[in-house]
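>>> Got a predicted structure here, sequence first:
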Amino acid sequence: EAQVTQNPRYLITVTGKKLTVTCSQNMNHEYMSWYRQDPGLGLRQIYYSMNVEVTDKGDVPEGYKVSRKEKRNFPLILESPSPNQTSLYFCASSLLAGGGRPWWETQYFGPGTRLLVL
Amino acid sequence: GQQVMQIPQYQHVQEGEDFTTYCNSSTTLSNIQWYKQRPGGHPVFLIQLVKSGEVKKQKRLTFQFGEAKKNSSLHITATQTTDVGTYFCALPLRGYSGGGADGLTFGKGTHLIIQP
């Protein structure tokens, strides 16, 4: 089954304790992305990646790191989490249209990771 | 960066009434996407529009891309309880991606609430 998986689904941690949220897709998609969703602010993109070893900042990258060493995986790293990073996080992936067209195909979202930083 | 406004923020309708949400950009866009998120769920892709003036239909849903490619709308005819959720537009982070894929910025969404 084609899907995007995230782990963990729920996480409670304390300020300053490094954590990693994993994201994996089995659709051979080039494009992967992380978003956070907060009430009243909607979905905001944190980082995205157009292929292995190619990453770029989205709207709200501060306090986050990513890496793309393999096509299927795109982990999100919080080196020193703070309470303002308490949020619902989504990973997503899609094919790129190719042929020079500057847009993506359907974006598939993972189920989300709910993070609470105390 | 890209400015996107989505209105209304909330829409209450009686079941069977129509619903429309609008998305407006400060710059010309190469493309726009629409997503639906059910309560407690994750966003689900609905459609992508790329051509000026484009109109696409999916059953009771009609999507339009403005002639100037700066605005878009999603219209639902005769709403049903299964339409409940939040509808988001999504556009390129920098508006018009000329050289390759870009980041995405989302509107804040329109929450559709349906009263039976």
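It's in.
>>> and stretch A:4-19, does that touch chain B?
No. Residues of stretch A:4-19 contacting chain B under C-beta under 8 Å from any C-beta of the partner chain: none, with a closest distance of 8.8 Å. All C-beta spots, glycine's among them, are computed from the backbone N, C-alpha and C.
>>> Which residues does that stretch contact?
Surrounding stretch A:4-19, the residues in contact under the criterion C-beta atoms under 8 Å, 6 or more residues apart in numbering or on different chains are A:21-25, A:27, A:77-83, A:89-93, A:108-118.
>>> what about the nearest residue to A:Tyr64 once chain neighbours are set aside, neighbour count?
Excluding its sequence neighbours, the residue lying closest to A:Tyr64 (C-beta to C-beta, 6 or more residues apart in numbering or on different chains) is A:Ile46, at 5.2 Å. Summarising burial for A:Ile46: neighbours were counted as other C-beta atoms under 10 Å in any protein chain shown, giving 24.
>>> wait, is B:Lys51 part of a strand?
No. Membership of B:Lys51 in a strand is not supported by DSSP: H, G, I helix; E, B strand; the rest coil, which gives coil.
>>> need the contact list for it.
Contact criterion C-beta under 8 Å, 6+ apart gives B:Phe65 as the residues in contact with B:Lys51.
>>> Check the one 4 residues further on too.
Contact criterion C-beta under 8 Å, 6+ apart gives B:Thr62, B:Phe63, B:Gln64, B:Phe65 as the residues in contact with B:Val55.
>>> Next, work out how far apart it and chain A are.
18 Å (C-beta to the nearest C-beta, to the nearest Å).
>>> same check, this time on B:Gln64
In this structure, B:Gln64 lies at 18 Å from chain A, with C-beta to the nearest C-beta as the measure.
>>> Each with direction, which strands does the helix or strand containing that residue pair with?
Secondary-structure element containing B:Gln64, defined by DSSP states H and E: strand B:61-65. When sheet partners are counted by DSSP bridges, strand B:61-65 sits next to strand B:55-58 (antiparallel), strand B:71-76 (antiparallel).
>>> Appreciated, that's everything.
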